[in-house]
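A.B. asks: Here is my input; please provide its structure:
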Amino acid sequence: MTPIETHTQFENVDLDLSSKRDLSPLISALHAQVILLHAGRRGRGGSFWARLELAKQPRTCDQALRRFATLLKRLPPAARRTWNGATLREFNIGVQVGRQPYASEFVVSPDTVIQIARLRARLRITVYSPFQVRRRSRRPTSRTTRA
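C.D. replies: This is a model prediction of the structure:
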């Protein structure tokens, strides 16, 4: 294992969406302000799924969540219907762990929590290891089978 980062830091906030309906109206309404990381369907005939992040990343998770909330409050009607029809509306806060400092805190203000709740979204926190795991390649083994 090799260390990736030396300091723990906030990375970004992703917005993960899932719906029985096409998410295109919502993605189109947000396109100028976000980067589309993924959009598609899960399996054949499965739900629609998308992952977005802000085009310009703020310095804190609270700022990122507020910026997303502001964008989502201003949605046009078709995009609002798509948002309301989503089965998953999740803000995923990414934190890269480093070797220092001993402890780090990432604060989300009460007002931001209220905004997220009004959007009927949930929060997830993803913590990334400070180590990059090198996977061993699997070599075929030769085994003799006995009859």
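A.B. asks: from here on, contacts and neighbour counts on C-alpha atoms
C.D. replies: Noted.
A.B. asks: Output the longest strand belonging to the chain.
C.D. replies: strand 9-19 (DSSP state E).
A.B. asks: helix or strand right after that one?
C.D. replies: Helices and strands here follow DSSP states H and E; after strand 9-19, the next one along the chain is helix 24-30.
A.B. asks: Same question for that following helix: list its buried residues.
C.D. replies: Buried residues in helix 24-30, defined by neighbour count with 16 or more other C-alpha atoms under 10 Å: 24-27, 29-30.
A.B. asks: Please name every helix or strand in contact with that helix.
C.D. replies: The contact analysis (3 or more C-alpha pairs under 8 Å, 6 or more residues apart in numbering; DSSP states H and E) places helix 24-30 against helix 77-85.
A.B. asks: what's the following helix or strand past the helix it packs on packed up against?
C.D. replies: Sequence-wise, the next helix or strand downstream of helix 77-85 (DSSP H and E) is strand 88-96. In terms of contacts (3+ C-alpha pairs under 8 Å, 6+ apart), strand 88-96 is packed against strand 9-19, strand 122-128.
A.B. asks: List the pairing partners of the shortest one within its sheet, with orientation.
C.D. replies: What that stands for is strand 122-128. strand 88-96 (parallel) (DSSP bridges).
A.B. asks: between the partner strand and strand 9-19, how big is the angle?
C.D. replies: For strand 88-96 against strand 9-19, the angle by axes from the mean of the first three to the mean of the last three C-alpha atoms, to 10 degrees is 160 degrees.
A.B. asks: Just want the angle from strand 88-96 to helix 77-85.
C.D. replies: 80 degrees.
A.B. asks: Identify the residues contacting strand 88-96?
C.D. replies: The contact list for strand 88-96 (C-alpha atoms under 8 Å, 6 or more residues apart in numbering) reads 5, 8-19, 61, 65, 83, 120-130.
A.B. asks: now the helices and strands packed on strand 88-96 in CSV, with mean neighbour count?
C.D. replies: Conversion of the helices and strands packed on strand 88-96 to CSV gives the following (neighbours: other C-alpha atoms under 10 Å):
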stretch, mean neighbour count
strand 9-19, 22
strand 122-128, 14
